[in-house]
Each structure stands twice: as structure tokens, then as C-alpha cells.
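Novice: Starting from these lines, generate the structure:
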Amino acid sequence: MGGDHGPAITLPACRSFLDAHPEAELVLVGTAAAIEPARAWMRCTLVTAQDVVTMDDSVEIALRRKRDSSMRVAIAQLKAEAGSAPLAHACVSAGNTGALMAVARYVLKTLDGIDRPAIATVMPNQLDRYTTVLDLGANVDCTPEHLLQFALMGSALVAAVEGKAEPTVGLLNIGEEIIKGSETIKRAAELLRQAAAEGQLNFHGNVEGNDIFKGTTDIVVCDGFVGNVLLKTSEGLASMLTEFIKQEFTRSWLTKAAALVALPVLKRFKARVDPRRYNGAALLGLRGLVFKSHGSADAFAFEQALNRAFDAARNRLLERVQARIAETARALPAAPDARQAA
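Specialist: Have a look, this model is predicted:
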């Protein structure tokens, strides 16, 4: 029900996903009228909800006033009740990000050893692979301990989905030197080096913004403020490239001729950096798999989010994150705000 377009986009994407994955099943959650077109679909269960969380709703409204919203009902499908298995293994939503994070955290709770969930997604790099970046906006203010937790969760994500046993982790900073950065970043680097010395993760060291697109490390860790700015900037550059290509075909005949010669290369590059291909960010640290689709996603992009959730579920991402955290639970320092709350 969420996003800028709702069922007009999500239903066609779901239909395409089912056609491409004969081994998969979908649970569609929404108002009765919205999901009615899918009633005859095979391998599809319909679950109705009375309310919808809008893109403008506050977290308070989503949590307290819309307890039968499609968002909350969908997340609840991940919970096992009375010893029975959950109806779904992963949840995908294009709805209000703040509400999704708050409702997911309230309904599912966080994993033991994790103070705050983080949003993680992939970005293309020049090695023809991907760099996983987190956090992308769930946590504006992070402690060094939070950044360590993000690194552990990101390592579990890449290990599960990409099959890399010991993915490399970089800490986003204004320089590679250990003396650079804020006190929070310096302390986070110390914790990451300590964790690496104890064999808990593969810490590369500090990295800069351009290292994300160079593919210097498999994972880049940062706070949510920096990560969200980074994400929106990269999406803006991709949009600018698309507009640039269009403009070149409206100029003089000489420019058009040059553009035609370069068109195959430009198209491949455009496809490579197309943010729709990387849609679907994981909300890591919860007791369930929740994926956030971009609110403006079209059908192709929303299907990519479904694909990422499906890959995470069949590769047992949740169990791997739990195992990674459990292995380091005794050595993992609690964040200051968590200690104060305790």
C-alpha cells in the first residue's frame, strides 16, 4: 500500500516476481479492495488490513493510532504465534521509512547485543561488483559501539548473500590516517581494530567516500546522517546522467552523431548506475527480515526489492546475523545509551 504509487506499482511487481520465482510464495497485505486483483493468483495469500500508514504520518500515528495498518499487519506476519511457524520469512515495504523502522522495532524487537537497527543497501563499484553501505538513515547520532555493531551486521549480510566468508570492512572518514576524524570515529576505529584482532571481523581501516565506488572494501560503515546524504547524492548523479544523455540527442547534428557513437557505452554505464537495480535496503538488527523499497520505486525497482528479500531469506540472513552477534556477544561493548537505559 505504501510508496508514491501504491498497488498500481506493487501488484505488477509482485506478479512479475512470482512468474520469475516458481519456488516462492507471496503474502499480500493491504485493504480488501486494493489486493482483490490478486485473489486468483497461485502461490499467493491475501491478508486484509483496515488502515494505511501514509508517507506524511508521524511515528506516533503509525504506532498508536493505526494499529491495524497494512504496514503493521505485514510486519506481524514475521512473528511466530503459539509455537507455530510465521506466515512469512521476510517483509518488503515502500512506505514511510520512519514509521517502518519504528513499527518493525516495536513489533519484532532488536536482536540480543544490538542497540539500534541499521539500514543497509548496495552501491555499484568500478570492479563490477557492489559495496554494501550502512547506516543509511536509521540513526543520525551514533556512538562508536553502534558503528561496531553495524560492521558486524554488515559482515553477516555480505557473507550470507554474496557468499564471502570474511568480507572487508571500511570505516568512512575524511582520510585514511588513523589520526583523522571526530572522536567518535577514532574510538570506533579502535573498537573495529580490536574486533579484527580477535577474529570477529575483517577490518580494512578508514576509507573515504570515493572508496565506495572504487570497491576498496566490501562494506562501508557510517552514521545515518552521512549515509543518507551519500545515498541521495549518488541517486542524484544517476538522474543527472540520464538527463545528460537525453539532452545530447537534442543538440546539433554533430553532437547527435557523437552521442550515437557513444550510445552503447553510455547505455551500459547508465544501466550499471541505475539506482532502481539496487532498490531494497535491509533493516538489520531486528528479529525478522524487513526490507525498505524506495518510495518512488517503479515496478522494476520494487521487484528488485522483492528479489533482495527473497535472497536474504533463502540464504538464512537472520540466522547468520544472530550467529555473528552471538559469537561476539561477550566482547561486544554496549552503547552508552543502552547502558544508561539498563
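Novice: State the mean pLDDT of the biggest helix by length in the chain.
Specialist: Scanning the chain for the helix with the most residues, using DSSP state H, yields helix 224-248. Model confidence over helix 224-248, given as mean pLDDT, is 80.
Novice: pLDDT on whichever strand or helix holds T132, on average?
Specialist: Here T132, judged by DSSP states H and E, is contained in strand 130-134. Mean per-residue pLDDT for strand 130-134: 95.
Novice: so how far is that strand off the chain centroid?
Specialist: The gap between where strand 130-134 is centred and where its chain is centred comes out at 9 Å by Cα atoms, centre = their mean, to the nearest Å.
Novice: what bits of this structure have low per-residue confidence?
Specialist: For the chain, the stretches flagged by pLDDT under 70 are 82, 245-246, 248-251, 253, 258-259, 262-263, 265-267, 269-272, 328-342.
Novice: go again using 80 as the cut-off
Specialist: Residues of the chain meeting the criterion pLDDT under 80: 81-84, 235, 237-275, 324-342.
Novice: if we can go back for a sec, which secondary structure elements does whichever helix or strand comes after the strand holding T132 sit against?
Specialist: Past strand 130-134, heading to the C-terminal end, the next element that is a helix or strand (DSSP H and E) is helix 144-162. Applying 3 or more Cβ pairs under 8 Å, 6 or more residues apart in numbering; DSSP states H and E, one finds that helix 144-162 makes contact with strand 118-124, strand 130-134, strand 168-172, helix 183-197, strand 219-221, strand 281-284, helix 299-314, helix 317-328. Backbone N, C-alpha and C define where each C-beta goes, glycine included.
Novice: Now distance to G154 and mean neighbour count too, for the ones you listed, in JSON lines please.
Specialist: JSON lines is the format used below for the helices and strands packed on helix 144-162 (distance: least, Cβ to Cβ, whole Å; neighbours: other Cβ atoms under 10 Å):
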{"stretch": "strand 118-124", "distance to G154": "6", "mean neighbour count": "25"}
{"stretch": "strand 130-134", "distance to G154": "5", "mean neighbour count": "24"}
{"stretch": "strand 168-172", "distance to G154": "7", "mean neighbour count": "24"}
{"stretch": "helix 183-197", "distance to G154": "11", "mean neighbour count": "17"}
{"stretch": "strand 219-221", "distance to G154": "4", "mean neighbour count": "29"}
{"stretch": "strand 281-284", "distance to G154": "7", "mean neighbour count": "28"}
{"stretch": "helix 299-314", "distance to G154": "13", "mean neighbour count": "21"}
{"stretch": "helix 317-328", "distance to G154": "10", "mean neighbour count": "18"}
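Novice: Dump stretch 235-242 to PDB, restricted to CA.
Specialist: As requested, C-alpha coordinates have been extracted for stretch 235-242 and formatted as PDB (Å, rounded to 0.1, in the frame of the first residue of the first chain):
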ATOM      1  CA  GLU A 235      20.900   8.800  -6.800                       C
ATOM      2  CA  GLY A 236      21.000  12.400  -7.900                       C
ATOM      3  CA  LEU A 237      24.200  11.800 -10.000                       C
ATOM      4  CA  ALA A 238      22.500   8.800 -11.700                       C
ATOM      5  CA  SER A 239      19.500  11.000 -12.600                       C
ATOM      6  CA  MET A 240      21.800  13.700 -13.900                       C
ATOM      7  CA  LEU A 241      23.500  11.200 -16.200                       C
ATOM      8  CA  THR A 242      20.100  10.100 -17.600                       C
END
